[in-house]
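1. sequence isn't available, so here's the structure alone:
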């Protein structure tokens, strides 16, 4: 995408916490997460239904899903000290935005990763939350290698 | 992106209204519009400040901006009959998603188009609304050529 200049300052003083607690990055990441999940879920539902029906859907990913995914990926150290649930979700969004703006993963790669890591009956709300959390925790584990070591 | 299979049904029976009133398409478009505007605004603010400061920001584009943009682009005929403000905004989102899923514009192209069509003092809320509306109306006029003739 070549918008790497938008993270130039973060790369001068690169640290897990600088990236994971950046509020502007979290706002951009919020939009990436919602778009990627919406398309991934649409593809998943379209590929996994009996009637060859095309399903388009959109879904704001809940803060709770992202918060638990960060904990499950054992990445709370990227968030601020004494972070609440909302802060932890923001950290996930900031990390995803960082990886996207650094050109380490394209939007298509994020979408396809989530699609490949979704499973189960996403029409069942409880099951969707559980499986979306797993998909995001897997994504976080995958992107660790693109993030600073400390 | 190659997610064109997600609009295969719409392309079998292609019409302005079928595309402009599709609810699932509008949900995907909502996320595209928010991401594209957030990045475009971040770039615009980063390029247009005195102190070489990097600005990252995110912004949910208000329904009002999109509604007025659709009217300004004279494209109310893509929306449903007796559409309210919310319906008109949904139509803008559906059209943007259609163009993106048909590979007529990449996300980068949408971002760069909005960035090039932004102007003024976006820290002033009233001015931002006015100028964001202009940018989206211009985008709508630009994408007309990718949409069915009736």
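-> Arrived safely, thanks for sending. For clarity, every value in this text was computed on a predicted model and none was experimentally measured.

2. ok, residue A:36 touching residue A:111?
-> Yes - using C-beta atoms under 8 Å, residue A:36 is in contact with residue A:111, at 4.9 Å. In short, each C-beta sits where N, CA and C put it, glycine included.

3. okay, these two: which has more neighbours?
-> More neighbours surround residue A:36 than the other of residue A:36 and residue A:111, with 27 against 23 (other C-beta atoms under 10 Å in any protein chain shown).

4. three-state assignment of the more buried one?
-> Using DSSP: H, G, I helix; E, B strand; the rest coil, the structure places residue A:36 in helix.

5. in contact with it, which residues?
-> Taking C-beta atoms under 8 Å, 6 or more residues apart in numbering or on different chains, we find residue A:36 in contact with A:96, A:107, A:110, A:111, A:114.

6. next: residue A:77.
-> By C-beta under 8 Å, 6+ apart, the neighbours of residue A:77 are A:16, A:17.

7. next one: residue A:16
-> Contacts for residue A:16 (C-beta under 8 Å, 6+ apart) come out as A:77, A:78, A:147, A:148, A:150.

8. and the gap between it and chain B?
-> When distance is defined by C-beta to the nearest C-beta, to the nearest Å, residue A:16 is 17 Å away from chain B.

9. pLDDT at that residue, what is it?
-> Looking at residue A:16, its pLDDT is 97.

10. angle of the helix or strand containing residue A:44 against helix B:23-47?
-> Assigned by DSSP states H and E, residue A:44 belongs to helix A:23-47. Here the directions of helix A:23-47 and helix B:23-47 differ by 160 degrees (axes from the mean of the first three to the mean of the last three C-alpha atoms, to 10 degrees).

11. how about helix A:23-47: buried residues?
-> Residues of helix A:23-47 classed as buried: A:24-46 (neighbour count, 16 or more other C-beta atoms under 10 Å in any protein chain shown).

12. what is the mean pLDDT for it?
-> Per-residue scores along helix A:23-47 average to 97.

13. which of the contacts of residue A:36 come close to chain B?
-> Among the contacts of residue A:36, the residues lying close to chain B (C-beta under 8 Å from any C-beta of the partner chain) are A:107, A:111.

14. residue A:127 touches residue A:119, doesn't it?
-> No - using C-beta under 8 Å, residue A:127 is not in contact with residue A:119, being 9.1 Å away.

15. packing partners of the host helix or strand of residue A:94?
-> Using DSSP H and E, the element containing residue A:94 is helix A:85-101. Contacts defined by 3 or more C-beta pairs under 8 Å, 6 or more residues apart in numbering or on different chains; DSSP states H and E place helix A:85-101 against helix A:16-20, helix A:23-47, helix A:63-72, helix A:107-117, helix A:125-143.
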